[in-house]
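Enquirer: Sequence plus the predicted model coming up.
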There are 2 protein chains.
Amino acid sequence: MIWVNVRPALPGLRVGVQNRVSMTSAEPSRQAPADPCADCDARGESVCNAIGDEFLPRLAEATQVTHIEPGQCFITEGEKADAFFNITAGSAKLYKLMADGRRQITGFAVRGHFLGLAVSATYAFSAEAIEPVRLCRFPRAKLFRLLADFPALERRLLERAATELVAAQEQMLLLGRKTARERVASFLRAQALAAPCGRPRAMVALPMRRGDIADYLGLTIETVSRTLTRLRAEGIIEIPDQTRVLLRDPARLARAAEG
Amino acid sequence: MIWVNVRPALPGLRVGVQNRVSMTSAEPSRQAPADPCADCDARGESVCNAIGDEFLPRLAEATQVTHIEPGQCFITEGEKADAFFNITAGSAKLYKLMADGRRQITGFAVRGHFLGLAVSATYAFSAEAIEPVRLCRFPRAKLFRLLADFPALERRLLERAATELVAAQEQMLLLGRKTARERVASFLRAQALAAPCGRPRAMVALPMRRGDIADYLGLTIETVSRTLTRLRAEGIIEIPDQTRVLLRDPARLARAAEG
DNA sequence: CGAGGGTTTGAATTAGATCAACTCTCGTGG
DNA sequence: CCACGAGAGTTGATCTAATTCAAACCCTCG
């Protein structure tokens, strides 16, 4: 068995860190804004919104805004888990690797996702940017201090973890018991709902590669491609280009996702 | 495709509830012991140990000790999530069903497991006893009051959820990318470690049926059986009876679980 | 225009599923 | 005490969905 979908992780990767620098390009003249977290356009989707406006400077003090380029790895499975991450823009894939290169993508993270929750001293998965990622990096100790001071934040994290767990169980059902057709259809439906921008969209963005979809669904690239082609031939979807899919018949797609 | 591993859930099942009754049969004469949670032999493994001894009466007030017989279902997917559960004895299987009967077991719960974490108003999975189960049932409102009063309990739940999430990701890797042989070997290794009783055991108890193992590993009963037979033929395991497996060569089993 | 990476399509192969006996154990009752 | 039957597990023979191998097909970009 040979597995080639994998791009090796870049081990000693350096990422550019900008500490408390506002990303608002409309105001390039202001240096060191009083409160970068107040300007954060991901505040609505993020766990940090458990912290009231009056404490935002305290929040800003605990975090570093960081940019990650596509293909760069910002969490590596097995390495010391010394920080937590909150994605504020872009998208990333989370995955586990086996010794022989087999890969399972356990999820895609977009704006508002919080990464790194782990009791263990090391990360249980790797994370790599798909589109350019902007994220807030919380050193372990600082986050724990925040948690101690803001119980609402801890509650929010618990809710997030519970939601992730439910999603993981759904994914186990998909991986263990669904056919290729059902997996692809389920994936398209989920992507339509999971978009960071509100209501279910008919036009689904697929910023990840076919190999990523395959490794997320437990299939091969070829099977994903064939299945998408089939769904298009049946008039259920349209594929204007490789990064987008139009859901032309959501009802039939829903039926294809179940029995 | 026909799927027969499934035993239909019993919908309107009644379970016997004993409110704050000590299970210690050695002291049948004492009625209404001052502090049942202090006697709890699962306290070491349970999240409740985040609550100090001095507050145990408060804890006991919030919970009901309940017994579940094998085959009985005490959580049903889709139903109103009005309670949380802490298993204190026995074992249960957690699973999701598809409309046509396909089943994915998402985990096995033993002493110390906390169930029902969910933001949603309904349970995302079903739970059915395998061996006779003893559990503490926490009505939703009472647990939330406990969480508000004991931040350490909330922290403990967050740790648990994070640990479960890591396990779920490992299971996704298994379901999405491992061969039948690797799945069965991984399962046996995990069971040897996950036993509620401390260190890895060479003799692994398998209280669940072959069909349960199959639905947990995303395989069929026949494939599980054949794979176990093969591992036995290779001298890696012994199968004294259907409910137990002896790990005869843990090193080779570990190799069988990976590439 | 040509190279190279990603994707699609086609043909051959296979791991695991399906179908079908057969075995084992255990409880029941004549 | 033993025949019987039911449920669970095992084993064998076939089948198939998805993988593997192989080749074309697109884009994009220098």
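Expert: Cool, the structure landed.

Enquirer: Helices along the stretch 151-259 of chain A, start to end?
Expert: With helices called from DSSP state H, counting those that start in this stretch, the stretch 151-259 of chain A shows them at A:151-177, A:180-194, A:210-217, A:221-233, A:250-257.

Enquirer: Among these, which comes closest to B:D39?
Expert: helix A:151-177 (28.7 Å; CB to CB). Just so you know, the C-beta spots here come from the backbone N, C-alpha and C atoms, and that holds for glycine as well.

Enquirer: contacting residues around the nearest residue to A:A202 once chain neighbours are set aside?
Expert: Using CB to CB, 6 or more residues apart in numbering or on different chains and skipping residues adjacent in sequence, the residue nearest A:A202 is A:L247, 4.9 Å away. By CB atoms under 8 Å, 6 or more residues apart in numbering or on different chains, the contact set of A:L247 is A:L188, A:R189, A:A192, A:A202, A:M203, A:V204, A:I236, A:I237, A:L253.

Enquirer: Neighbour-wise, which one of these leads?
Expert: A:I237 (25 neighbours; other CB atoms under 10 Å in any protein chain shown).

Enquirer: Which helix or strand contains A:R145?
Expert: Assigned by DSSP states H and E, A:R145 belongs to helix A:140-149.

Enquirer: Could I have the CA atoms of that helix written out in CSV?
Expert: The C-alpha coordinates for helix A:140-149 follow below in CSV (Å, rounded to 0.1, in the frame of the first residue of the first chain):
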residue,chain,number,x,y,z
ARG,A,140,-0.3,28.1,27.7
ALA,A,141,0.3,29.9,31.0
LYS,A,142,-1.4,33.1,29.9
LEU,A,143,-4.5,31.3,28.7
PHE,A,144,-4.7,29.4,32.0
ARG,A,145,-4.6,32.7,33.8
LEU,A,146,-7.4,34.0,31.6
LEU,A,147,-9.4,30.9,32.3
ALA,A,148,-9.0,31.4,36.0
ASP,A,149,-10.1,35.0,35.8
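
Enquirer: Which positions within that helix qualify as buried?
Expert: A:K142, A:L143, A:L146, A:L147 (16 or more other CB atoms under 10 Å in any protein chain shown).

Enquirer: out of these, who's nearest A:R230?
Expert: Once CB to CB is applied, the member of the buried residues of helix A:140-149 that ends up nearest A:R230 is A:L143, at 45.8 Å.

Enquirer: Kindly report the residues of the stretch 51-200 of chain A close to DNA strand D.
Expert: Neighbours of DNA strand D within the stretch 51-200 of chain A, by CB under 7 Å from any atom of the strand: A:T179, A:A180, A:R181.

Enquirer: Show me chain A divided up by domain.
Expert: A:17-171, A:178-257 (automatic domain parsing).

Enquirer: Quickly check: the first one near DNA strand C or not.
Expert: What that stands for is domain A:17-171. No: shown here: domain A:17-171 not in contact with DNA strand C (CB under 7 Å from any atom of the strand), separated by at least 8.6 Å.

Enquirer: Off-centre distance for that domain?
Expert: 10 Å (CA atoms, centre = their mean, to the nearest Å).

Enquirer: Check the shortest one too.
Expert: Between the centre of domain A:178-257 and the centre of its chain there are 17 Å (CA atoms, centre = their mean).

Enquirer: End to end on it, go ahead and measure it.
Expert: 8 Å (CA to CA, to the nearest Å).

Enquirer: So is it next to DNA strand C?
Expert: Yes: counting by CB under 7 Å from any atom of the strand, DNA strand C has neighbours in domain A:178-257: A:R209, A:R210, A:G211, A:I221, A:E222, A:V224, A:S225, A:R226, A:L228, A:T229, A:I239, A:Q242.

Enquirer: which of those residues are close to DNA strand D?
Expert: A:E222, A:R226.

Enquirer: Please produce a markdown table containing the residues of domain A:178-257 next to DNA strand C, extended by pLDDT.
Expert: Below are these laid out as a markdown table (pLDDT from 0 to 100):
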| residue | pLDDT |
| --- | --- |
| A:R209 | 98 |
| A:R210 | 98 |
| A:G211 | 98 |
| A:I221 | 98 |
| A:E222 | 98 |
| A:V224 | 98 |
| A:S225 | 98 |
| A:R226 | 98 |
| A:L228 | 98 |
| A:T229 | 98 |
| A:I239 | 97 |
| A:Q242 | 94 |
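
Enquirer: Emit the ChimeraX select command for whichever of the residues of domain A:178-257 next to DNA strand C are buried.
Expert: Restricted to buried positions by 16+ other CB under 10 Å, the ChimeraX selection for the residues of domain A:178-257 next to DNA strand C reads:
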select /A:209,210,211,221,224,228
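
Enquirer: Looking at the residues of domain A:178-257 next to DNA strand C, which one is closest to DNA strand D?
Expert: A:E222 (3.9 Å; CB to the nearest atom of the strand).

Enquirer: and the closest one, how far is that from chain B?
Expert: 16 Å (CB to the nearest CB, to the nearest Å).

Enquirer: same deal with A:R145?
Expert: 13 Å.

Enquirer: How many residues are close by the residue lying closest to that residue once chain neighbours are set aside?
Expert: In space, and not counting its chain neighbours, A:R145 is closest to A:A62: 7.3 Å by CB to CB, 6+ apart. A count of nearby residues for A:A62, using other CB under 10 Å, gives 19.

Enquirer: I am finished for the moment; much appreciated.
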